[in-house]
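Fold the following and give me the result.
(2 chains)
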Amino acid sequence: MSMMESRSFLKSITRLLSNCNNMKNLKQIHSQIITSPHLSQFDKLFLISRLIFFCALSDSGSLAYASRVFQTTHNPNLPIYNAMIRAYSSNFRHKHQNPQSLILYKQMLVNNIVPDGITIPFVLKECVNRLDFVVGRSVHAHCVKFGVQDDVYVGNSVIGLYVGCGVLECARKVFDEMPERDVVSWNLIIGGCLRCGEVDVARELFVRMDERNVISWNSVIAGMVQVGRAKEAVEFFHEMVVVSEDDVVSVYPDKMTLASVVSACASLGWLKHGKWVHGYMLRNGIECDVVVKTALVDMYGKCGNVRLAERVFKDIRKKDVLAWTAMISVYALHGHGNEAFDLFDKMVACGVRPNAVTFGALLTACAHLGLVDRGRWYFNMITTSVYMIEPTVQHYACMVDILGRAGLFDEAERLITNMPMDPDVFVWGALLGACQMHGNVELGEKVAKHLIRLEPLNHAFYVALCDIQAKAGKFDDLGNTRVLMNERGIKKDTPGNSLIEVNGNFYEFSIKGSADIMMEKIKSLLNQLSKEIKVDQDTLLILKG
DNA sequence: AATATGTACG
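The predicted model follows:
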């Protein structure tokens, strides 16, 4: 075979490989490569690297086969290592097994193969997957050693490592010292700041950016929602919409943006905004997947419109646990216990396995409706692991709430002492609330004092203690509590208030009183309602009795 | 050949 013929043979096999779309085909090509007498060792290694690349990374390939080919390859070259490391680092099935990509990386270093700017991001990805800060940091050192640290992709991956491991200072240092930054660098550091609670720093960096893409906007909007600054999230969204209407810059909101902004509207109770966002999405043909629809269900529910929530929910084709749970929660929130419980049965009948949050919603429904037996029933389903759910401390808090509201203090206390985990402030807080409700002075004082020991700066527990002591006429003790509050500088600084939106107008109610013309009307309506409620309770007693 | 973003309980 001449030199020319050998070249064209190599070319044709390369072409065959790049058009290969199944394993049978690939195995045939593999055998051709191995048995061909016309190929040099060098050319064979090149073809094997192409083969491993396809086999390890294509959807129709097979990582297991690639791995076997790799093991029989003598002196694998850099592209082969890169392909194998990449395949293992993006394969989530290997997350709980051996860190194959790190083992391969170590092996290539031992064999004196120098990693390049492509190797490093995949190795770092594996470190982030495993939250391996120690190995990650030494890979960062390798970047300097092998002279790839100025590569933007490498730098971004290093930032991603430190952000992923929660070490913001290191991430910021790398970001600040980068010779060249791109949108991804900015997005990574902004995301890192948001995750570490440095919201204002993130905000400032976002404002300083000159080239923002959808992900920049989405990160900052989602970040604002997550830290409870929903108003700012909506403001950013509106700015984004204005920018997207500008012809020069084309950043358009996508389904991720909408999922976040809808949940912002939900937490604000802004029905009108929420509806507008829903309409915007329909008008602009933005894909409305399960995630967005679930957010819409939640939003309509929290904004008080059960019927719209139902309508969106029914429109979800493939309902997942989150969608079912969102709708169950809407019913629970509105006191529609039977609908919530029926929907749970329907969900199970559809073969969707409930999770810890689903049961959290069911238990809160029971708590709000005072359904002790049903609460116990669901709680038992958790603790006897019918659905393989680990009971959480929140479930115990709910159950204590249910028992406490019913005045079953012995059972509530027994539950707390037998908990498999340490009771947190919410568990004790539920018991405290029950004590206040039922005038259980002795236990209430004990629990409040315990909570004050746990969180000495939380004014809510002092207020509860004062309330209990005042109602019990224990004015000496009340005085002591007040002294303690003064000593520690505890004030009930933020008066309780709430907000409701009707036809786009906002009405604010405060415990200090509301300067609103509607107030008199509302007060008289409330009086009338409470009379009717009393009548209802009497009727209930007659029915029961 | 590669790096970044979203939904449900309390």
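
lowest-confidence helix or strand of chain A?
Lowest on mean pLDDT, DSSP states H and E among the helices and strands of chain A sits strand A:497-502, with a mean of 66.

And the helix or strand just after that strand, what's buried?
Sequence order places strand A:505-510 as the next helix or strand after strand A:497-502, per DSSP states H and E. Neighbour counts over strand A:505-510 (16 or more other Cβ atoms under 10 Å) mark A:Phe509 as buried. Where C-beta positions appear, they are placed from N, C-alpha and C, glycine not excepted.

And for stretch A:193-200?
In stretch A:193-200, counting by 16+ other Cβ under 10 Å, buried: A:193-196, A:198-199.

So what's the gap between it and the chain middle?
Between the centre of stretch A:193-200 and the centre of its chain there are 15 Å (Cα atoms, centre = their mean, to the nearest Å).

in chain A, which residue is closest to the centre?
Nearest residue to the geometric centre of chain A (Cα atoms, centre = their mean): A:Gln226, 8.8 Å.

Might you report the residue contacts of it?
Each residue near A:Gln226 by Cβ atoms under 8 Å, 6 or more residues apart in numbering is listed here: A:Leu194.

any idea how far DNA strand B is from it?
6 Å (Cβ to the nearest atom of the strand, to the nearest Å).

ditto for A:Phe475
Counting by Cβ to the nearest atom of the strand, the gap from A:Phe475 to DNA strand B is 32 Å.

Identify the residue nearest that residue in space, chain neighbours excluded?
Leaving aside its chain neighbours, A:Phe475 sits nearest to A:Gln469 (7.6 Å; criterion: Cβ to Cβ, 6 or more residues apart in numbering).

Please tell me how far that neighbour sits from A:Arg482.
10 Å (Cβ to Cβ, to the nearest Å).

The two: which has the busier surroundings?
A:Gln469 (22 against 14; other Cβ atoms under 10 Å).

Near the residue in chain A that DNA strand B sits nearest to, how many residues? Count them for me, please.
Going by Cβ to the nearest atom of the strand, DNA strand B is nearest to A:Gly360 of chain A, at 2.3 Å. When neighbours are counted by other Cβ under 10 Å, A:Gly360 registers 21.

which SSE is it in?
Using DSSP H and E, A:Gly360 falls in helix A:356-369.

And that helix, what's buried?
A:357-369.

where's A:Arg86 relative to A:Val148, distance?
16 Å.

cool, A:Val243 as well?
Separation of A:Val243 from A:Val148 (Cβ to Cβ): 35 Å.

Of these two, which one has the most company?
Legend: neighbour count by other Cβ under 10 Å for A:Val243 and A:Val148, higher for A:Val148 (20 against 16).

quick one: contacts for the more buried one?
With Cβ under 8 Å, 6+ apart as the criterion, the residues that contact A:Val148 are A:115-117, A:120, A:154.

can you list the domains in chain A?
A:212-301, A:392-498, A:499-544 (automatic domain parsing).

Quickly compare the ones you listed and say which is most buried.
Highest mean neighbour count of these: domain A:212-301, a mean of 19 (counted as mean count of other Cβ atoms under 10 Å).

Which strand or helix spans the closest residue to A:Leu296 other than its chain neighbours?
Spatial nearest neighbour of A:Leu296, excluding adjacent residues (Cβ to Cβ, 6+ apart): A:Val312 at 4.6 Å. Assigned by DSSP H and E, A:Val312 falls within helix A:306-314.

So which bits of that helix are buried?
Quick answer for helix A:306-314 (16+ other Cβ under 10 Å): A:306, A:308-310, A:312-313.

From A:Tyr162, how far out is A:Arg181?
15 Å.

err, A:Met224, not the other one
23 Å.

Kindly report the same for A:Asn355.
31 Å.

Pick out whichever of the two has more residues nearby.
Neighbours around A:Asn355 and A:Tyr162, counted as other Cβ under 10 Å, are more numerous at A:Tyr162. The numbers are 26 against 16.

would the more buried one count as being in a strand?
No - using DSSP: H, G, I helix; E, B strand; the rest coil, the assignment for A:Tyr162 is helix, not a strand.

That one contacts A:Val174, correct?
Yes - here A:Tyr162 reaches A:Val174: they are 6.7 Å apart, a contact under Cβ atoms under 8 Å.

Number of residues surrounding A:Pro99?
20.

now A:Val135
18.

Enumerate every residue touching the residue nearest to A:Asp289 when sequence neighbours are not counted.
Residue nearest to A:Asp289 in three dimensions, not counting chain neighbours: A:Lys255, with 5.9 Å by Cβ to Cβ, 6+ apart. Counting by Cβ under 8 Å, 6+ apart, A:Lys255 touches A:286-289, A:291-292.

can we see that at 10 Å?
A:218, A:281, A:286-289, A:291-293, A:295 (Cβ atoms under 10 Å, 6 or more residues apart in numbering).

Next, give me the two most distant ones among those.
Maximum pairwise distance in the contacts of A:Lys255, criterion Cβ to Cβ, is 17.9 Å, between A:Asn218 and A:Lys293.

So stretch A:139-159, near DNA strand B or not?
Yes - Stretch A:139-159 lies within reach of DNA strand B by Cβ under 7 Å from any atom of the strand, at A:151-154, A:156-157.

who wins for most neighbours among those residues?
For the residues of stretch A:139-159 next to DNA strand B, neighbours tallied by other Cβ under 10 Å; top is A:Ser157, 26 neighbours.

And that one, how close does it get to A:Asn91?
Distance from A:Ser157 to A:Asn91, by Cβ to Cβ: 18 Å.

Would you mind extracting the C-alpha trace of the helix or strand containing A:Met485 into CSV?
Assigned by DSSP H and E, A:Met485 belongs to helix A:475-487. Extracted in CSV, the C-alpha atoms of helix A:475-487 (Å, rounded to 0.1, in the frame of the first residue of the first chain):
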residue,chain,number,x,y,z
PHE,A,475,-47.3,40.5,87.1
ASP,A,476,-44.1,40.0,89.1
ASP,A,477,-42.8,37.5,86.6
LEU,A,478,-44.0,39.7,83.8
GLY,A,479,-41.9,42.5,85.2
ASN,A,480,-38.8,40.3,85.3
THR,A,481,-39.3,39.3,81.7
ARG,A,482,-39.6,43.0,80.7
VAL,A,483,-36.3,43.7,82.6
LEU,A,484,-34.6,40.8,80.8
MET,A,485,-35.8,42.2,77.5
ASN,A,486,-34.5,45.7,78.3
GLU,A,487,-31.1,44.2,79.4
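
what helices or strands is it leaning on?
If you count contacts as 3 or more Cβ pairs under 10 Å, 6 or more residues apart in numbering; DSSP states H and E, helix A:475-487 packs onto helix A:441-454, helix A:459-471.

Pull the distance from the shortest one to the chain's centre.
What that stands for is helix A:459-471. With Cα atoms, centre = their mean, you get 35 Å for helix A:459-471.

of all the residues in the stretch 301-450 of chain A, which ones are close to DNA strand B?
A:302, A:321-323, A:325-326, A:329, A:332-333, A:355-358, A:360-361, A:364, A:394, A:397-398, A:426.
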